[in-house]
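> Sequence and predicted model, in that order:
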Amino acid sequence: MIEDLARGDLIHTEIARKYGRSVQGIRQFSSRNHTEVSRRRAVLQGELNAATADQWVTEKAQLGDLYWKHYEDLDARISNPDIDDRTVKALTREATAIIYKYSELMGHLPPRTSKVEVARSVLTDFDVISIDEAGGFSSVTDG
């Protein structure tokens, strides 16, 4: 029962049906054995993390290889003397984007920021300000 509670695949009603117990009995068991259930849940989470870590790294490496092969293909096409300047420019732009994506994937670039915090200036709070001898700001219109 601890295994089923730790996995979280089944709700209390389903566990009660599986073991021929009441839902209230399962809740009480879960409450009494909370520490053991939490310990088992942590072990299961660790096993899952270990099992999926290699998969994530493998997929990242495969994507990096794909980017690099695409770049090499573009580079070979750009080197062809028979293509016009407009096509060379378009292929170069695409190759630059591929290099950027590859560098970002491999961690060679700083992370992108989605929000920039802007500090509000004290000076925007007043129409007219004065600076006292101690270096503090005050509003002239306050009197």
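Ah, there it is.

> Distance from the lengthiest helix in the chain to the middle of the chain?
The residue-count maximum for a helix in the chain (DSSP state H) belongs to helix 34-78. The chain centroid and the centroid of helix 34-78 are separated by 13 Å, computed with C-alpha atoms, centre = their mean, to the nearest Å.

> Packing partners of that helix?
Where contact means 3 or more C-beta pairs under 8 Å, 6 or more residues apart in numbering; DSSP states H and E, helix 34-78 is packed against helix 2-7, helix 85-105. Quick note: C-beta positions are derived from backbone N, CA and C, even for glycine.

> Next, format those as CSV and append distance to Glu14 and mean pLDDT.
What follows is the helices and strands packed on helix 34-78, written out as CSV (distance: least, C-beta to C-beta, whole Å; pLDDT from 0 to 100):
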stretch, distance to Glu14, mean pLDDT
helix 2-7, 8, 91
helix 85-105, 41, 91
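
> Can you tell me which of these is packed in deepest?
Most buried of the helices and strands packed on helix 34-78, by mean neighbour count (mean count of other C-beta atoms under 10 Å): helix 2-7, with a mean of 16.

> Can you name the element that comes right after that one?
As assigned by DSSP states H and E, the chain's next helix or strand after helix 2-7 is helix 12-19.

> any residues touching that following helix, and which ones?
1, 4-5, 10, 21-23, 25-27, 30 (C-beta atoms under 8 Å, 6 or more residues apart in numbering).

> which element follows it toward the C-terminus?
helix 23-32.

> helices or strands up against that next one?
When contacts are defined as 3+ C-beta pairs under 8 Å, 6+ apart, helix 23-32 packs onto helix 12-19.

> Work out the gap between the helix it packs on and the centre of the chain.
The chain centroid and the centroid of helix 12-19 are separated by 36 Å under C-alpha atoms, centre = their mean.
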